[in-house]
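S.K.: please find the sequence and the predicted model below.
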Amino acid sequence: MAAGGFCKLPNGTVVVALNLPSPAADAPAGVRVLVHAQNRARALTRLRNLGLRAVYLRGNTAPPTPDEITAVLHHPDGLIWRTAPAGGVLSLELWHPIRALIKRPAASA
């Protein structure tokens with residue numbers, strides 16, 4: 001479903017980057033999601049547990065850049081996103097925590 005890739009770090013953990021279609025119907029670009037985890041399977045499990053059930057990583061066509069790796073390693077949750085760059089142009093948008101993208105409905109009393 002998603003283009004993306006991964007990078008194995010010297011300490012054995014991985015950073016997985018995925019380009020996903022935008023959750024908003026009116027948004028032209030998708031989103032780039034970065035996940036830091038013990039391995040690729042755990043990274044995808046973290047996304048699936050948030051409700052992104054159809055997320056798969058096939059190949060390594062768009063691995064995370066060094067700047068993206070630094071960004072996700074410095075975030076306390078290890079799970080961030082921003083608008084995907086259009087046409088290979090770098091985005092100047094800041095990274096957002098995943099909870100800003102995935103808003104769970106409030107529990108009714």
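M.R.: Thanks, I have it. Everything numeric in this text was worked out from a predicted model, so none of it was measured.

S.K.: going by C-alpha atoms from here, please, whenever you check contacts or count neighbours.
M.R.: Noted.

S.K.: now do the biggest helix by length in the chain: everything it contacts.
M.R.: Longest helix in the chain, counting residues (DSSP state H): helix 40-49. Contact partners of helix 40-49, identified using Cα atoms under 8 Å, 6 or more residues apart in numbering, comprise 6, 14-16, 35-37, 53-57.

S.K.: looking at strand pairing, list the partners for Gly5.
M.R.: Bridge pairing for Gly5 (DSSP bridges) gives the partners Ala17.

S.K.: ok, it to Val16 distance?
M.R.: Applying Cα to Cα, to the nearest Å, the value for Gly5 to Val16 is 6 Å.

S.K.: overlap in contacts, these two.
M.R.: Counting by Cα under 8 Å, 6+ apart, the residues touching both Gly5 and Val16 are 63-64.

S.K.: neighbours of Phe6, how many?
M.R.: 25 (other Cα atoms under 10 Å).
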